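J.: sequence unknown, structure follows:
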């Protein structure tokens, strides 16, 4: 979805610049001709049924109804739907099939809450319905959001408008602790330098401010390039040699020196004032050469900070090469960067009537229908970096076949999608070429992936009901959990993806110390082998919450030896921390999960984590 987000920014900017009217229909296509962008759920058959779900959204403080709150229901068998609460805070969903669903509620000024969530950053509880079942009183209570407000100034104490200010928190994500944007909106300072971030859950935050809105700027530049046909010739303008680095409260560009801001429920802190750190800005100029040795026109060139924290905030500078392959990136703050070139174009065409088509394709000189990209590390220390030569290569192409074990080939195999996410996801600094779109499976089970580079996992999505991923093999080796290293320009064939109808299931319940059935807890299931905890995007560790009746269900864990531990509370995702799992090991129940088996566990609550 990163690609769609960026393209959507182009469309937004195109509307603002008059390339396409706001009333026009917009179609977005990624890839070459005949390779449509896959929207979520495309190709799947969603179900309806006779179940019904009703409830109310209420304030945590007084139990008063919250009017015009948005309630969203999601599940594997349905397209997500949103209801609006009425004057008494009531909502209703009809025609639901039997299945397991997640429910959440949101409204400006309140903390977005999932059904069954009672603590900050906790996962919600799923709702299990049978066909024809009517579940009433699926109520959700929402606390008032906490607020961080303050003022951003320059080194002279003058207010700085149009500064993006974000509340961030440390979370455990895919094998490492990272700084990620938290709940609440990204605020922008007004003409007095004032900002206000609201709707935050209680907790510890770090405040980050950057003067640029880089994603918006990139969208505007791309949209302007669309209108100008990627021709950057014309007048030039002076650019300042000094500017401001991304700065953390109370006024440091070093995240290690950032100060935590602790919020209670509904609390407002209004004195988070700080000054941005002035730095000398640099200009990066150079040329992009394609794999055919010719200058690459229309390529997007991006300087992305190597720091994962800054990358997640989208703090990057970008430019597009002209007809001679030359590029200029202005106003780059000191730091370590990856300079990347992606040979993609935005092509517009009128389809008649009031429809505009935006198509992402390989840029001219890119070597046919294969995307081209290149990357080089840069250290920016305040001095201009001229004459950079960035050579692009074609990404690797991988082909293979999906086979079905334990049953006849299911219908609609063409709805299955094969993807190759980076092993160190989220890898936001890889740009367009970093996340090639999912490959569709053909009727004979074959598939093709293009634009691969670096360590990649092979994953499946939109599987037919009753099927699960068993293994991925390449060259005779099992790469299901480790992934494989793809080198640019290579062609890899013979990838074998095996899907199995022998699915696994883990169900059960939890009792408290006095033997009373528990309905509010978090269950963590993790492999007995600590090495499997550290695998990228590991399949061997998961956390879940019980349904409305207090029972848990976990499906499609790989066969193996596991521990199951029930605790009162763990923030969502924290169960991936190996140190936490080491502490939990031995506190619950050890069990073995066989292929195709269903394990029913009765557990005792093990306290807090």
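T.: On my side now, so go ahead. Everything quoted here is computed from the prediction, not taken from an experiment.
J.: Tell me which residue of the protein is positioned farthest from its centroid.
T.: residue 514 (41.3 Å; C-alpha atoms, centre = their mean).
J.: On the three-state scheme, that residue is what?
T.: Here residue 514 is coil, with the state taken from DSSP: H, G, I helix; E, B strand; the rest coil.
J.: Return the set of buried residues in stretch 485-503.
T.: Going by neighbour count (16 or more other C-beta atoms under 10 Å), the buried part of stretch 485-503 is 486, 488, 492, 495-503. All C-beta atoms are positioned from the backbone trio N, CA, C, and that covers glycine.
J.: Now tell me which of those the prediction trusts least.
T.: Minimum pLDDT for those is recorded at residue 488 (80).
J.: Just confirm that one contacts residue 396, I think it does.
T.: Yes. Using C-beta atoms under 8 Å, residue 488 is in contact with residue 396, at 6.2 Å.
J.: Overlap in contacts, the two.
T.: Residues touching both residue 488 and residue 396 (C-beta atoms under 8 Å, 6 or more residues apart in numbering): residue 453.
J.: Point me to the helix or strand that includes residue 524.
T.: In this assignment (DSSP states H and E), residue 524 forms part of strand 522-527.
J.: just checking, what packs against that strand?
T.: With contacts defined as 3 or more C-beta pairs under 8 Å, 6 or more residues apart in numbering; DSSP states H and E, the packing partners of strand 522-527 are strand 541-544, strand 552-555, strand 560-567, helix 578-584.
J.: now that strand, how far from the centre of its chain.
T.: Centre-to-centre, strand 522-527 and its host chain are 23 Å apart (C-alpha atoms, centre = their mean, to the nearest Å).
J.: Paired strands for it, with orientation please.
T.: Strand 522-527 has the following strand partners under DSSP bridges: strand 541-544 (antiparallel), strand 560-567 (antiparallel).
J.: Next, format those as CSV and append mean pLDDT.
T.: CSV is the format used below for the strands paired with strand 522-527 (pLDDT from 0 to 100):
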stretch, mean pLDDT
strand 541-544, 96
strand 560-567, 97
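J.: Serialize those strands to a markdown table and add fields for distance to residue 328 and mean neighbour count.
T.: Below are the strands paired with strand 522-527 laid out as a markdown table (distance: least, C-beta to C-beta, whole Å; neighbours: other C-beta atoms under 10 Å):
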| stretch | distance to residue 328 | mean neighbour count |
| --- | --- | --- |
| strand 541-544 | 46 | 19 |
| strand 560-567 | 54 | 21 |
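J.: hang on, the earlier thing: let me know the closest of the buried residues of stretch 485-503 to residue 556.
T.: Proximity of the buried residues of stretch 485-503 to residue 556 (C-beta to C-beta) peaks at residue 503, which lies at 5.6 Å.
J.: does that closest one count as helix, strand or coil?
T.: Residue 503 - assigned by three-state DSSP - is coil.
J.: got the contact list for it?
T.: 466-468, 555-556, 596 are the contacts of residue 503 under C-beta under 8 Å, 6+ apart.
J.: and with 6 Å instead?
T.: Counting by C-beta atoms under 6 Å, 6 or more residues apart in numbering, residue 503 makes contact with 468, 556.
J.: Could you list the low-pLDDT ranges of the stretch 401-550 of the chain?
T.: Per-residue confidence for the stretch 401-550 of the chain (pLDDT under 70) gives these ranges: 425-437.
J.: where do the helices sit along it?
T.: 530-533 (DSSP state H, counting those that start in this stretch).
J.: Skip the chain neighbours and tell me the closest residue to residue 131.
T.: Counting by C-beta to C-beta, 6 or more residues apart in numbering, residue 131 lies nearest to residue 98, which is 4.1 Å off, once chain neighbours are set aside.
J.: for residue 469, same thing?
T.: Residue 469's closest residue in space is residue 460 (C-beta to C-beta, 6+ apart), at 5.1 Å.
J.: so that neighbour touches residue 468, yeah?
T.: No. Residue 460 is beyond contact range of residue 468, at 8.8 Å (criterion: C-beta atoms under 6 Å).
J.: quick one, helices of this protein?
T.: Under the criterion DSSP state H, the chain contains helices at 2-17, 214-228, 308-312, 530-533, 578-584.
J.: neighbours around the nearest residue to residue 502 once chain neighbours are set aside, how many?
T.: Spatial nearest neighbour of residue 502, excluding adjacent residues (C-beta to C-beta, 6+ apart): residue 596 at 3.3 Å. By the criterion of other C-beta atoms under 10 Å, residue 596 has 13 neighbours.
J.: what's the pLDDT at residue 596?
T.: For residue 596, pLDDT reads 95.
J.: Also residue 355?
T.: For residue 355, pLDDT reads 41.
J.: tally of neighbours for residue 397?
T.: Quick note: residue 397 (other C-beta under 10 Å) scores 17 neighbours.
J.: My guess is it contacts residue 451. True?
T.: No. Counting by C-beta under 6 Å, residue 397 sits too far from residue 451 to count as a contact (8.2 Å).
J.: on that earlier part again, going by mean pLDDT, which of the helices of the chain comes out lowest?
T.: helix 2-17 (a mean of 38).
J.: got the contact list for the strand holding residue 524?
T.: 540-545, 552, 554, 560, 562-567, 570, 575, 581.
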